[in-house]
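>>> Model the following, please.
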Amino acid sequence: MLRSVEATRDPGLIGVLLSLGLGYLRWLVLVPMFTVWTFYLLMVLALLLTNFQDSAAALFAALEPWLEPWLGPPPASDASAAAPDSAESIELNETLIMPVALKLWGLAALLLWGLGELWRLLRRRPAAAPRLGRKLVFALAAIALGWLLMLFAYGFGSETFHGSLWAWLAMFTGVAFLAALVTLACLGLSHVLAVLADRLTAGARHSGRDRS
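Next up, the predicted model:
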């Protein structure tokens, strides 16, 4: 009984537990960045596919014989299907969406944290984490590439865009700026949490050596 009480008061054990908690918080912070990046990538792909839909349709038609054995035939549309009753339709509001979004946020962070810890255990040698500056340069370069791809889609398919060039340019720039702002905030906070976790882990190791 005394040993269990001493184990709970062990600063090394507390440091390890706090380090694991900070590791989960890191992924919790990074989930919004991954979400913004997903929407940003989908927006770029949607603009490219819309303006080059003929080429995209030809590509999909060429890949259909190869994909059909795995994905199956395309579903046939049922014209006789009745339209959903408006009385039975679900009205989405903030009180319904927010709890689901928060649960998905926590579960996604937990899944990513578990995969990260599993990958760390499977590696024989701990890989050095990329520096914050390198992460920021890579992320901002990818965002700039997406901005250039949106301009490319507009330049070669401007007839499908309604409105002035400056309005579309402002929208492209605003979306890219939002993605960059979220990326900077998430990566910066994740770096701070990583530094704290490393210090706690190092302190736990030193306390274990002192006891031995």
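
>>> Only C-alpha atoms from now on, for both contacts and neighbour counts.
OK.

>>> in the chain, which spans are strands?
Assigned by DSSP state E, the strands in the chain number zero.

>>> Might you list the low-confidence residue ranges for it?
Regions of the chain meeting the criterion pLDDT under 70 cover residues 1-13, 15-16, 52-64, 66-96, 124-130, 157-160, 201-212.

>>> and the longest helix for it?
helix 165-211 (DSSP state H).

>>> Which strands or helices does that one pack on?
Contacting helix 165-211 under the criterion 3 or more Cα pairs under 8 Å, 6 or more residues apart in numbering; DSSP states H and E are the following elements: helix 11-51, helix 132-155.

>>> Pick the most buried one from the ones you listed.
When you average the neighbours per residue for each of these (mean count of other Cα atoms under 10 Å), helix 11-51 leads with a mean of 18.

>>> Hey, what's the angle from that helix to helix 165-211? Just curious.
Here helix 11-51 runs at 160 degrees with respect to helix 165-211, directions being taken by axes from the mean of the first three to the mean of the last three Cα atoms, to 10 degrees.

>>> Now do helix 11-51 against helix 132-155: the angle between them, please.
Between the axes of helix 11-51 and helix 132-155, defined by the same axes, to 10 degrees, the angle is 10 degrees.

>>> can you start the count at 20 instead of 1 from here on
Done: numbering now begins at 20, and the last item shifts to helix 30-70.

>>> What is helix 30-70 packed up against?
helix 113-141, helix 151-174, helix 184-230.

>>> can you tell me how far His181 sits from Trp56?
Note on His181: its distance to Trp56, by Cα to Cα, to the nearest Å, is 25 Å.

>>> meant to ask about Ala128, not that
When Cα to Cα is the yardstick, Ala128 and Trp56 sit 16 Å from each other.

>>> and if you look at Leu200?
Separation of Leu200 from Trp56 (Cα to Cα) stands at 11 Å.

>>> who touches Leu141 in this structure?
For Leu141, the contact set (Cα atoms under 8 Å, 6 or more residues apart in numbering) is empty.

>>> how many other residues sit next to Leu134?
Burial measure for Leu134: 12 neighbouring residues, criterion other Cα atoms under 10 Å.

>>> do the one 4 residues further on as well
The number of residues packed near Trp138 is 12, by other Cα under 10 Å.

>>> from memory Leu155 sits against Leu203, does it?
Yes - look at Leu155 against Leu203 with Cα atoms under 8 Å: they come within range, at 7.0 Å.

>>> Find the residues that touch each one of the two.
By the contact definition Cα under 8 Å, 6+ apart, Leu155 and Leu203 are jointly contacted by no residue.
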